[in-house]
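Q: structure, please.
(2 chains)
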There are 2 protein chains.
Amino acid sequence: MKIALITIGDEILTGFTTNSNAAWIGQEILKIGANINVQVTVSDNEKDIKRYLDYFSSENYSHIIVTGGLGPTHDDVTQSAFFDFFSSKAIFDASYWEQLKSRFAKRNILIPEKNRNQAVKPHNGDIIDNQLGSARGLYFSRPKNKYFALPGVPAEMKAMMINTVIPLIVQDYSKNSYIKTINTIGLGESAIAEKLEDVIKKYSPKIKIAFLPQLGRVDIRLFSENKLFLAQITDEIEKILNRNIYGYDDDTIETAVAKLLIEKKYTIATAESCTGGLLAHRLTNVAGSSKYMLGGVVCYSNSVKIEQVGAKQKTIMDYGAVSEQTARELALGIQNKFNSNVGIGITGIAGPDGGTKEKPVGLAYIGLIINDEELVKKFQFVTNRKANKLLSSQTALNLLRLKLMQ
Amino acid sequence: MKIALITIGDEILTGFTTNSNAAWIGQEILKIGANINVQVTVSDNEKDIKRYLDYFSSENYSHIIVTGGLGPTHDDVTQSAFFDFFSSKAIFDASYWEQLKSRFAKRNILIPEKNRNQAVKPHNGDIIDNQLGSARGLYFSRPKNKYFALPGVPAEMKAMMINTVIPLIVQDYSKNSYIKTINTIGLGESAIAEKLEDVIKKYSPKIKIAFLPQLGRVDIRLFSENKLFLAQITDEIEKILNRNIYGYDDDTIETAVAKLLIEKKYTIATAESCTGGLLAHRLTNVAGSSKYMLGGVVCYSNSVKIEQVGAKQKTIMDYGAVSEQTARELALGIQNKFNSNVGIGITGIAGPDGGTKEKPVGLAYIGLIINDEELVKKFQFVTNRKANKLLSSQTALNLLRLKLMQ
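A: Okay, the predicted model is just below:
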């Protein structure tokens, strides 16, 4: 079995619409243990649609799903592409036309003549009903291929997928597929791959594994038809990656930290220079964060660092605002001012300007105080301002997580 | 000129990742007046990548852009697919390998041997530098086709698109197509469409227009081959939408506010409860924000509101932490404490918990003080926590913008 998905629309190609239909269909197909093998987006024109219907037929795709272009307007060309591709004669469906007219009448709208072309059916194919809109789907079957045309409107497409397309695919194919995501931080994609090389070999091809690097973290996704193997490989990966793992599936580093803070009944306060409030923002993205988050100071100017957080003017004069010493005083100062268990101080050069040879853009110091234990670390991130803010906050959250786990 | 985009990854086909790279690239290509003609997503395997390199070459696509699969692990197969497709000999790039090693060393990481394959270059193609990560891009040129392989990590892909791919496409493309985006806030999509109905009719079909609603704002995109018409319609839209327009093209509400603050030589400080630092984060996303941003206090707990910002205990007791009175005192308090021109106080119920019948989730008060002028406004946003944080910060920025324009 091979499944191809054709999504239609200039608004997807031009990026005005993100292709979330494709993502949703991919997930639904995965749930029955199958896969979309290829997905193509083409413009709203008959020629391109037919070209790919033809191409995927010749490549022996068993199921070819098309979404979009079934509406009543000039750029809705999927129906005529299908009719032409299958040499269908159009039969006017008088009973559906009556149904459409009465639906429009109920909303006090005179039905436009344009909608008439939605009331035809092919002499050699089937109609897929639409409970939610006026554009019905199409279904054609050949000995080795099944073809579906669905509307692009998400709710209508989804209803047809669930009620008609998925059951037809399941008839041809049914396997259970299990998925687990392991969320890691602190190691690059290649370092993880190297550490897991033997485990991957051991379980291949029973387990499929994918690495998903993101800025400041890597997710590891495991797929298998065997639940037991999935549990076993997860155990083995846990032993190898250990504290580089901060969670599973939808966990975030923020929720991991939140859980630890709540467990220990610790409160936290932040003093942020270069991250400008991003760390506090992330800590408060977690529902219920008022359990641990007292607040923080965004100390962009030196006077705020001194007056509102408690860094010493002499320290800033002697070592600079971006220094180990200042980061430490920010952490200590905020812990003291807010009377929290945890104090975090971040100071760095986010860029793009403000770097020097000694203190380049991307340099950051993170100070962390938990009760009376302290830690200050130096980091060199990248040259992009927003990435620096993200990486600084990410690293601070991870330092905190590791300390709280000790 | 025909452009094909190949995005690589099981993650996209299975729907774990929405194909936002394709949308972003579509938009960037559109900005130069061109179009992605077809986009295909294939699995992480060499055969499929080569199949579509071959297919699009035979279909005379002038530019073929591939993203994803350039990392160092087993499922990163784009490099070998390209090398095989172009019959490239791999030349080991010792100087890049040294560079990589020293980059890793700076972060105190021993470089994995796996990364070695990122330090090769083809004998018959070019390398595209990567300032943000270790995977470099590839560029091959044939008389009628240009081929690009870029990483899938969005920040890295975007940098290469902007610095290398777009300029190379522009060299080949000289159609005069103009695009202008008008950034608006404060009106919904349908309200804007209604207000602009006559203008749209007047300029159709010489100007194509698209509405791009986002959370808390709507972009209006105008396309034309005629620069004069584009300027004329922009003028007319400006007259109609007036102060609902905060910028053009890549402007953000943050940069609009930054410009006004710098113009007036005003400094700003923020006191944030429900937004938890997001407003400060956004104000400091603008490069050079230290010109106006002194800092702020994230006052999550009541004691921080009182002790660190200067809200009165009695006010919070009498009216509640989420009240007009408290918002006003937060704004006044932070202006006073930080000695800034502008003080903003935000207090609300972000949710999902903490709402009552009188004060439901989504309720927010924003206090704004500019020198000695003050304004407090009440808002009812939505039920989603992150959306509430975003809408509250967005609305605060817009209130400030409108006041500064007076």
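Q: what residues does the stretch 51-200 of chain A have near chain B?
A: Residues of the stretch 51-200 of chain A lying close to chain B by Cβ under 8 Å from any Cβ of the partner chain are A:55, A:188, A:189, A:190, A:191, A:193, A:194, A:200. Any C-beta I mention is one placed from the backbone N, CA and C, and that applies to glycine too.
Q: now do the end-to-end distance for stretch A:118-129.
A: 12 Å (Cα to Cα, to the nearest Å).
Q: report the distance from stretch A:259-276 to the chain centre.
A: Offset of stretch A:259-276 from its chain centre (Cα atoms, centre = their mean, to the nearest Å): 26 Å.
Q: same question for stretch A:220-230.
A: For stretch A:220-230, the distance to the chain centre is 20 Å (Cα atoms, centre = their mean).
Q: quick one on the thing from earlier: adding neighbour count, distance to residue A:367 and pLDDT, write the residues of the stretch 51-200 of chain A next to chain B out as a markdown table.
A: Listed next are those as a markdown table, based on neighbours: other Cβ atoms under 10 Å in any protein chain shown; distance: Cβ to Cβ, whole Å; pLDDT from 0 to 100:
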| residue | neighbour count | distance to residue A:367 | pLDDT |
| --- | --- | --- | --- |
| A:55 | 16 | 59 | 95 |
| A:188 | 23 | 25 | 89 |
| A:189 | 26 | 29 | 86 |
| A:190 | 26 | 30 | 86 |
| A:191 | 22 | 27 | 91 |
| A:193 | 24 | 33 | 89 |
| A:194 | 17 | 32 | 91 |
| A:200 | 18 | 38 | 90 |
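Q: JSON lines for these, including secondary structure?
A: As requested, these are exported to JSON lines (DSSP: H, G, I helix; E, B strand; the rest coil):
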{"residue": "A:55", "secondary structure": "helix"}
{"residue": "A:188", "secondary structure": "coil"}
{"residue": "A:189", "secondary structure": "helix"}
{"residue": "A:190", "secondary structure": "helix"}
{"residue": "A:191", "secondary structure": "helix"}
{"residue": "A:193", "secondary structure": "helix"}
{"residue": "A:194", "secondary structure": "helix"}
{"residue": "A:200", "secondary structure": "helix"}
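Q: quick one: the helices in the stretch 201-350 of chain A?
A: A:227-241, A:253-264, A:278-283, A:302-304, A:313-319, A:324-338 (DSSP state H, counting those that start in this stretch).
Q: point out the most buried one among those helices.
A: helix A:278-283 (a mean of 29; mean count of other Cβ atoms under 10 Å in any protein chain shown).
Q: what's the helix or strand for residue A:180?
A: Using DSSP states H and E, residue A:180 sits in strand A:178-184.
Q: with residue A:382 instead?
A: Assigned by DSSP H and E, residue A:382 belongs to no helix or strand.
Q: roughly how far does the closest residue to it other than its chain neighbours sit from residue A:391?
A: Computed as Cβ to Cβ, 6 or more residues apart in numbering or on different chains, the closest residue to residue A:382 that is not its neighbour in sequence is residue A:362, at 5.3 Å. Residue A:362 is 8 Å from residue A:391, where distance means Cβ to Cβ, to the nearest Å.
Q: between these two, what contacts are shared?
A: A:381, A:382 (Cβ atoms under 8 Å, 6 or more residues apart in numbering or on different chains).
Q: follow-up on the earlier one: which two from the residues of the stretch 51-200 of chain A next to chain B end up farthest apart in space?
A: Greatest spatial distance in these: A:55 and A:191, 40.3 Å, computed using Cβ to Cβ.
Q: could you list the domains of chain A?
A: Under the assignment automatic domain parsing, the domains of chain A span A:3-172, A:178-248, A:253-405.
Q: so where is chain A shaky, pLDDT-wise?
A: Chain A contains residues with pLDDT under 70 at A:73-75, A:174-176.
Q: with just CA atoms, put the longest helix anywhere in it into PDB.
A: With residue count as the measure and DSSP state H as the assignment, chain A has helix A:385-405 as its longest helix. Output of helix A:385-405 as PDB, limited to C-alpha atoms (Å, rounded to 0.1, in the frame of the first residue of the first chain):
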ATOM      1  CA  ARG A 385      19.300  38.300  18.900                       C
ATOM      2  CA  LYS A 386      16.200  36.200  19.200                       C
ATOM      3  CA  ALA A 387      18.100  32.900  19.200                       C
ATOM      4  CA  ASN A 388      20.300  34.300  21.900                       C
ATOM      5  CA  LYS A 389      17.300  35.200  24.100                       C
ATOM      6  CA  LEU A 390      15.800  31.800  23.500                       C
ATOM      7  CA  LEU A 391      19.000  29.800  24.100                       C
ATOM      8  CA  SER A 392      19.800  31.800  27.300                       C
ATOM      9  CA  SER A 393      16.400  31.200  28.800                       C
ATOM     10  CA  GLN A 394      16.500  27.500  27.700                       C
ATOM     11  CA  THR A 395      19.900  27.000  29.300                       C
ATOM     12  CA  ALA A 396      18.800  28.700  32.500                       C
ATOM     13  CA  LEU A 397      15.700  26.400  32.700                       C
ATOM     14  CA  ASN A 398      17.900  23.400  32.200                       C
ATOM     15  CA  LEU A 399      20.500  24.400  34.700                       C
ATOM     16  CA  LEU A 400      17.700  24.900  37.200                       C
ATOM     17  CA  ARG A 401      16.200  21.500  36.300                       C
ATOM     18  CA  LEU A 402      19.500  19.700  36.800                       C
ATOM     19  CA  LYS A 403      20.100  21.400  40.100                       C
ATOM     20  CA  LEU A 404      16.700  20.600  41.400                       C
ATOM     21  CA  MET A 405      17.100  16.900  40.500                       C
END
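Q: quick one: is it near chain B?
A: Yes. Counting by Cβ under 8 Å from any Cβ, chain B is contacted by helix A:385-405 at A:385, A:386, A:387, A:389.
Q: next one: stretch A:338-353
A: Yes. Applying Cβ under 8 Å from any Cβ, one finds stretch A:338-353 in contact with chain B at A:338, A:350, A:351, A:352, A:353.
Q: now the closest residue to the first one other than its chain neighbours, which residues is it bridged with?
A: Put plainly, it is residue A:338. Spatial nearest neighbour of residue A:338, chain neighbours left out: residue A:269 (3.6 Å); criterion: Cβ to Cβ, 6+ apart. Bridge pairing for residue A:269 (DSSP bridges) gives the partners residue A:295, residue A:343.
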